[in-house]
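Novice: Sequence first, then the predicted structure:
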Amino acid sequence: MNEVFEDRKKGFEKKYELDKDLEFRVLARRDKLFGAWLAEIQGLSGEEAQEYVRHIAQSNFKEPGDQDMFDQALSDFSSKGISMSISELQEKLSLFFHEAKKQIDEE
C-alpha cells in the first residue's frame, strides 16, 4: 500500500515540475514578445532590438511581478519622448501571455 502512495506522490511531484517548467517557458516567451514590441515602438531593429529585448527580459528579474518591467519600459519611453500608459502596457503584456502560451502549446 505504501508503494501506491509513494508512486502517487512521485507522480504529483513530476506534474508540479512540468507545470513549473511550462510556466517559466511561457513567461520567458511572453517577455521576449513584449520586449520586441517595445523595441519596435522605439524604432529599434537588428542587433539593437535584440539587445533591447534582453534588457527588458532581464529587468523582469529585479523583483517579483511585472512592475519592474513596466517601470523600465516607461523610463525608456520617457527618455525618448514616447507617451504610454501603464494600462496600455499591462493590456499588451496580457495579450502576449496568451500568444506565448499558444506558441508553446503548438511546439
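Specialist: Cool, got the structure.
Novice: and residue 38, what does it touch?
Specialist: Residue 38 makes contact with 52, 56, 73, 76, 77, according to C-beta atoms under 8 Å, 6 or more residues apart in numbering. Where C-beta positions appear, they are placed from N, C-alpha and C, glycine not excepted.
Novice: how about the helices in this protein?
Specialist: Remark: helices assigned in the chain by DSSP state H are 2-41, 46-59, 67-79, 86-106.
Novice: Can you give me the end-to-end span of stretch 34-51?
Specialist: For stretch 34-51, the first-to-last residue distance is 13 Å (C-alpha to C-alpha, to the nearest Å).
Novice: rewinding a little: could you dump the helices of the chain into TSV with mean pLDDT added?
Specialist: TSV is the format used below for those (pLDDT from 0 to 100):
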stretch	mean pLDDT
helix 2-41	84
helix 46-59	94
helix 67-79	94
helix 86-106	96
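Novice: ok so, going back, and of the contacts of residue 38, the nearest to residue 17?
Specialist: residue 56 (27.5 Å; C-beta to C-beta).
Novice: which residues sit in contact with the closest residue to the closest one other than its chain neighbours?
Specialist: Leaving aside its sequence neighbours, residue 56 sits nearest to residue 35 (C-beta to C-beta, 6 or more residues apart in numbering; 3.6 Å). Shown in contact with residue 35 (C-beta under 8 Å, 6+ apart): 52, 53, 54, 55, 56, 57.
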